[in-house]
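Undergrad: Provided below are the primary sequence and the corresponding predicted coordinates.
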Amino acid sequence: MNTYVVVDIETTGAHPLTSDIIEIGAVYVEKGRVAGEFNQLICPTQEISPYITSITGITNEMVQYEPPIETVMPKFINFCKDVPLVGHNIILFDYRMLKVKAINMGLPFDKMGLDTLVIARKMLHELPSRRLGDLCAHYHINLENAHRAYDDAFATHELYLHLKDEFYHIEPKLFEPLPMAWEIPKSVPLTKRQKAYLLNLCHRHQITLKQDIDALTKSQCSKLIDHIISEHGKI
């Protein structure tokens, strides 16, 4: 695999159906060298929580004038062309987040991929942690701005080169990109009981929702109710 794109994203949460992407960072690699860069903040449809800001350093003020995902995603797909994707935990996180946004816009996004986390878990199982930051420390890779998409993508690029150099001759199949097959779960509309409870909850705590309640799925409504209860308490 001589040509590929290493990608990392930052999001408002961990669920692909209910979270927004707030940053995409990627490097286009040819023969081990970076041949192109993609680095873009994105204005989400929901507010960035203090918790996410504490992790990423990305604030609502930083993204308020940035383009929406509908503008950024087509540019990112064009940047990726038809080459495989590489990422750290890309199979279970980054790819699913990106695919949901692409599908929602009617854009194809069926990609081959390679996950450095999978390789690290297989070949570096003696390490206490296979998180990106810890692996970078293990290989003495500079990662000053952890949890910023471009910096994490570039660090993952360097991590992949280290892993390939050390383990390709032992487990060459680990370094072959595979289809990242994932079907988006079908959305179930919220129930009348959920809607009534959510409205009563908002009335009780004098909360004005930005979302269209009738457009929420059952899962989204449940998560919103849990969030309100955790912040303000029950009815």
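TA: Perfect, I can see it now. Nothing here was measured: the structure is a model prediction, and the numbers come from that model.

Undergrad: Low-confidence regions, the protein specifically.
TA: Residues of the chain meeting the criterion pLDDT under 70: 187.

Undergrad: Which stretches in it count as strands?
TA: 3-11, 21-30, 33-41, 85-87, 112-115, 178-179 (DSSP state E).

Undergrad: And the third one, what does it pack against?
TA: Using 3 or more C-beta pairs under 8 Å, 6 or more residues apart in numbering; DSSP states H and E as the contact definition, the elements that strand 33-41 packs against are strand 21-30, helix 69-80, helix 149-167. Backbone N, C-alpha and C define where each C-beta goes, glycine included.

Undergrad: Output the ones you listed as a markdown table; include the columns distance to Lys223.
TA: Output for these, formatted as a markdown table (distance: least, C-beta to C-beta, whole Å):
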| stretch | distance to Lys223 |
| --- | --- |
| strand 21-30 | 17 |
| helix 69-80 | 19 |
| helix 149-167 | 24 |
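
Undergrad: Deepest-packed of the ones you listed, please.
TA: strand 21-30 (a mean of 23; mean count of other C-beta atoms under 10 Å).

Undergrad: Kindly export that one (C-alpha atoms) in CSV.
TA: Extracted C-alpha coordinates of strand 21-30, given in CSV (Å, rounded to 0.1, in the frame of the first residue of the first chain):
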residue,chain,number,x,y,z
ILE,A,21,-18.1,16.4,13.3
ILE,A,22,-16.3,19.6,14.3
GLU,A,23,-13.0,19.0,12.7
ILE,A,24,-11.4,16.8,10.0
GLY,A,25,-7.7,16.5,9.6
ALA,A,26,-5.9,14.3,7.1
VAL,A,27,-2.7,13.7,5.2
TYR,A,28,-2.4,12.2,1.7
VAL,A,29,0.6,9.9,1.7
GLU,A,30,2.5,8.6,-1.3
